[in-house]
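1. Give the three-dimensional model of this entry:
(one chain, ligands or ions: 1)
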Amino acid sequence: MTNRPAPVIDDDSRPFWQGTARQQLRLPYCRACAAAFFYPRALCPRCHGDDLEWRNASGRGTVYSYTVSRRPAGPAFQAITPYVVALVDLEEGPRLLTNVLVDRPDQVHIGQSVTVVYQPLGDGETVLPLFQPEAAPER
Ligand SMILES: [Zn+2]
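-> Below you'll find the model as predicted:
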């Protein structure tokens with residue numbers, strides 16, 4: 001559990017947060033483009049179509065880029081500093097701004113395979129989709 005600030009949830013993003021609360025990473029999907037997108041919005045960012053649905057994502061992705069925050073963004077981040085802020089490319093295409101959870105920041109690298117983990121907020125409702133390095137294959 002974390003006491004980070006909670007996201008502002010609106011009608012467009014509510015299905016996303018309802019999904020994470022059930023440990024499902026869901027993405028808006030445009031039937032006309034046959035593609036997922038993120039962030040959630042009323043119209044597809046590619047074709048402006050409104051024939052949208054929500055689909056479950058695999059929860060797997062790749063680190064596109066990252067930075068290490070060595071100063072907390074606020075008091076709620078003090079205990080986890082330093083922490084990794086990353087752009088993760090999901091298998092379905094969209095790029096997510098998130099955190100990669102590691103013991104030491106040098107355990108993250110560009111191109112790394114990561115999987116989603118769900119971290120409840122202290123508000124008892126919101127669950128954040130964060131990421132961790134994919135387990136190394138067994139030898
Ligand atoms: Zn579209």
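2. by contact count, what packs against the helix or strand containing Gln18?
-> According to DSSP states H and E, Gln18 maps onto helix 14-21. Counting by 3 or more CB pairs under 8 Å, 6 or more residues apart in numbering; DSSP states H and E, the packing neighbours recorded for helix 14-21 are strand 26-30, strand 52-56, strand 127-133. For every residue, glycine as well, the C-beta is placed using N, CA and C.
3. For the ion, see how far away Asp50 is.
-> Separation of Asp50 from the ion (CB to the ion, to the nearest Å): 9 Å.
4. picking that back up, same question for the helix holding Gln18: list its buried residues.
-> Residues of helix 14-21 classed as buried: Phe16, Trp17, Gly19, Thr20 (neighbour count, 16 or more other CB atoms under 10 Å).
5. and those as CSV, adding distance to Asp103 and pLDDT?
-> Converted to CSV, these look like this (distance: CB to CB, whole Å; pLDDT from 0 to 100):
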residue, distance to Asp103, pLDDT
Phe16, 28, 98
Trp17, 28, 97
Gly19, 28, 98
Thr20, 24, 98
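6. quick one: which of these is nearest Ala42?
-> Phe16 (13.3 Å; CB to CB).
7. residues touching that closest one, list them.
-> Contact partners of Phe16, counting by CB atoms under 8 Å, 6 or more residues apart in numbering, are Arg26, Leu27, Pro28, Pro40, Trp54.
8. Excluding chain neighbours, what is closest to the first one?
-> Ranked by CB to CB, 6 or more residues apart in numbering and with sequence neighbours excluded, the top spatial neighbour of Arg26 is Gly19, at 3.6 Å.
9. correct me, but the one you found touches Leu25?
-> Yes. Contact criterion CB atoms under 8 Å: Gly19 and Leu25 qualify, at 6.5 Å.
10. Return every residue with contacts to both of those two.
-> Jointly contacting Gly19 and Leu25 under the rule CB under 8 Å, 6+ apart are Asn56.
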